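In: I'll drop the sequence and a predicted model, then ask my questions.
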Amino acid sequence: MKRQKKQKAVFRKKIVFVMLPLLILTVVFVGFMAYYTARNGVTAIAKEFLGYKVMDIYKYTTRQFSLAKEIQLIDKESLYESLYSYGLGTLSGAKGGFFILSRDGQKIRSSVDMMPEEFTSLYTKLVEKEGGWIEFKAKGKDYVGVGIYFSDAEIFLLLANEREEFYRPVNAILWYIGVILVISVVIATVVMLSYVRHLMKPVGHLVETIESISETRDLSKRARVEYNDEIGYLAYAFNTMVRDLELAYHQIKNYAYQTIQAKNKEEKIRFIFQKYVPTEVINRILNISSETMLIGTKQEVTVLFSDIRDFTHISEQFAPDFLVTVLNQYFSIMDERIRQHNGIIDKYIGDAIMAIFGAPVQHEDDVDQALQAAFAMQEGLKVFNAMAEEKYGITFKIGIGINTGEAIVGNIGSENKVDYTVIGDTVNLASRLEGLTKKYKASLVISEFTRAALKSQEGYFFRLLDFVRVKGKDKPVRIYQPFVLSEVEDRIEYFTRFEEGLRRYLAGDFTGGLAVFQECVKQDPQDYLAYMYIERCEYYHANPPSVWDGAETLLEK
């Protein structure tokens, strides 16, 4: 409340500070005009009065000089003294002065003492104007007067009076104006404050209502409409606004309640289904309408397939509940590695994993993340095997295949049941590559499309395995086994020599290729691929193909 009163007082002061200067300016302007008019009037009267006296002195001087000529009495000093005495006799007060100056700048007579520079200034003005109204200084005081030039004697006659004495009535008017101004300002301030207080009363009531609503959050309160004017309309408009806000508040409150219910329901759905469906897919499904639920899109993705080697043989040795426990632990480790690299688990197919990178959310480095996820899965397998061997006495070996390309991405299924997945040749080839890990004794195989799509190949080494035409595909594809470069630096020379033999083989030079692969076997007797290509070179050397494109056609999946 104190703050409100203080604010109202400040506002009243602002209004007074706006209006008061206008009033002061008006009074000052009127007073200045009155002072200026009075001063001009006094000056005009003074000019006329002093001019009359000076003319009287001039006539007296003329008579005296005429008389002196007639009687041939030319005693200038006596004449000047007579003129000086007559001039002093015309003064109207003790603060007046009479001056006689020669044409050549000599001070003949003066009733007022003057400094040399003051006399020089006065003389200059008399010469310039040949008399008339003169304003000058004498002993630091301001004087005004009227001068005239008497040519017969070549002298200037000047009758003057102190400015302060001369304009005393005008200065009194100025003082009265100042008093009137002060009284007017005081009265106007009191009147304006009283009027503004009366004017601001309904505004104060409006502020009280606003503060009350702000403190209590009670939108049912209304401001009083006291006047049928702009301020009254302000209160009316405020009441209308508060009424609409009250309605909107109740609507928002209702919507908020419904939103909370929907949010709780969504969280419950997420909690139930996140064990079965990737979080990204849940987010996508919850953000699309039912009409677009079954619409797929064609986009580039990277698909990863992983499979446990000889799992059928392992499953025959253990009970189902034990296998489920072990598999869940294995899948948890693999799932964590895949998610850490922006991948999602599309599905579990028995002991196999199908993962997608680049859908439903795309990233610039999805291909790189897929390759890093594969290496992370291999490291995760080491962690799992260390635990499983100690706890259960078993270990797993896995094969991973990765391919990149366009695929159909979306919710595939019927209106009653759908799966978010990817379909197409890209997926099929990724599955085939995972199967080839067994044939080529490699734990990880990628296609040439995945290698080409990598943002960066720095830190990796890619060993060319073969040029194959997988089952169901007419176009052959190069396949690679990627390595972390730091882990195979000592084998780079061997891999390079092996690739030289492979290039000769692909070019149809079976004899040259055979020689290189035989050297490789001597260098690394454990390299299965070298033996495989020795066998191929010997076969094609003995049975040359009629058409050769270097591709190995695979009849098995």
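Out: Here it is on my side, so go on.

In: quick one: low-confidence parts of the stretch 451-557 of the chain?
Out: For the stretch 451-557 of the chain, applying pLDDT under 70 flags the ranges 557.

In: just the helices in it please.
Out: 492-506, 510-523, 528-542 (DSSP state H, counting those that start in this stretch).

In: will you turn those helices into TSV that also has mean neighbour count?
Out: All C-beta spots, glycine's among them, are computed from the backbone N, C-alpha and C. Listed next are these as TSV, based on neighbours: other C-beta atoms under 10 Å:
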stretch	mean neighbour count
helix 492-506	17
helix 510-523	18
helix 528-542	16
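
In: Dump those helices to CSV, plus distance to Leu83.
Out: Below are the helices of the stretch 451-557 of the chain laid out as CSV (distance: least, C-beta to C-beta, whole Å):
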stretch, distance to Leu83
helix 492-506, 133
helix 510-523, 145
helix 528-542, 145
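
In: who wins for proximity to Ile308 among those helices?
Out: Nearest of the helices of the stretch 451-557 of the chain to Ile308, taken as C-beta to C-beta: helix 528-542 at 20.4 Å.

In: Could you tell me the angle between the closest one and helix 510-523?
Out: If you take axes from the mean of the first three to the mean of the last three C-alpha atoms, to 10 degrees, helix 528-542 sits at 150 degrees to helix 510-523.

In: chain center to helix 528-542: distance?
Out: Relative to its chain's centre, helix 528-542 lies at 68 Å (C-alpha atoms, centre = their mean, to the nearest Å).

In: Which neighbouring elements make contact with that helix?
Out: When contacts are defined as 3 or more C-beta pairs under 8 Å, 6 or more residues apart in numbering; DSSP states H and E, helix 528-542 packs onto helix 492-506, helix 510-523.

In: for those helices, which one sits closest to Gly145?
Out: helix 492-506 (119.0 Å).

In: What are the contacting residues of that closest one?
Out: Contact partners of helix 492-506, identified using C-beta atoms under 8 Å, 6 or more residues apart in numbering, comprise 461, 463-464, 466-467, 488, 510, 512-513, 515-517, 519-520, 523-524, 527, 529-530, 533, 536-537, 550.

In: run the last query once more with 7 Å
Out: 461, 463-464, 467, 512-513, 516-517, 519-520, 523-524, 530, 533, 536-537, 550 (C-beta atoms under 7 Å, 6 or more residues apart in numbering).

In: Please apply the same query to stretch 542-556.
Out: Residues from elsewhere that reach stretch 542-556 (C-beta under 7 Å, 6+ apart): Asp466, Phe467, Val468, Arg469, Val470, Lys471, Pro476, Leu506, Gly508.

In: so what's the fourth one bridging to?
Out: Partner residues in beta bridges with Arg469, using DSSP bridges, are Thr553.

In: Let the chain start at 679 from now.
Out: Noted, 679 is the first residue going forward, which turns the last one into Arg1147.

In: Check the spacing between it and Pro699 real quick.
Out: Applying C-beta to C-beta, to the nearest Å, the value for Arg1147 to Pro699 is 97 Å.

In: Tell me which of the two has more neighbours.
Out: Ranked by neighbour count (other C-beta atoms under 10 Å), Arg1147 and Pro699 place Arg1147 first, with 16 against 11.

In: and that one, what does it touch?
Out: Arg1147 neighbours (C-beta under 7 Å, 6+ apart): Pro1154, Ala1229, Glu1230, Thr1231, Leu1232.

In: Spell out, range by range, the strands that occur in this protein.
Out: Under the criterion DSSP state E, the chain carries strands at the ranges 774-780, 785-788, 809-816, 819-828, 833-840, 975-986, 1021-1027, 1030-1035, 1076-1091, 1096-1101, 1122-1125, 1138-1147, 1155-1162, 1230-1231.

In: can I get these in JSON lines with distance to Val860?
Out: Converted to JSON lines, the strands of the chain look like this (distance: least, C-beta to C-beta, whole Å):
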{"stretch": "strand 774-780", "distance to Val860": "35"}
{"stretch": "strand 785-788", "distance to Val860": "43"}
{"stretch": "strand 809-816", "distance to Val860": "31"}
{"stretch": "strand 819-828", "distance to Val860": "28"}
{"stretch": "strand 833-840", "distance to Val860": "29"}
{"stretch": "strand 975-986", "distance to Val860": "86"}
{"stretch": "strand 1021-1027", "distance to Val860": "87"}
{"stretch": "strand 1030-1035", "distance to Val860": "88"}
{"stretch": "strand 1076-1091", "distance to Val860": "88"}
{"stretch": "strand 1096-1101", "distance to Val860": "88"}
{"stretch": "strand 1122-1125", "distance to Val860": "98"}
{"stretch": "strand 1138-1147", "distance to Val860": "94"}
{"stretch": "strand 1155-1162", "distance to Val860": "95"}
{"stretch": "strand 1230-1231", "distance to Val860": "114"}
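
In: Quick check: which of those strands is buried the most?
Out: Mean neighbour count (mean count of other C-beta atoms under 10 Å) peaks for strand 1122-1125 among the strands of the chain, with a mean of 27.

In: Output the contacting helices and strands for that one.
Out: strand 1076-1091, helix 1103-1117, strand 1155-1162 (3 or more C-beta pairs under 7 Å, 6 or more residues apart in numbering; DSSP states H and E).

In: what about 10 Å?
Out: Counting contacts by 3 or more C-beta pairs under 10 Å, 6 or more residues apart in numbering; DSSP states H and E, strand 1122-1125 packs against strand 975-986, helix 1044-1069, strand 1076-1091, helix 1103-1117, strand 1138-1147, strand 1155-1162.

In: Same list, the ones you listed, but as TSV with distance to Pro998 please.
Out: Shown next, in TSV, are the helices and strands packed on strand 1122-1125 (distance: least, C-beta to C-beta, whole Å):
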stretch	distance to Pro998
strand 975-986	16
helix 1044-1069	17
strand 1076-1091	21
helix 1103-1117	25
strand 1138-1147	37
strand 1155-1162	35
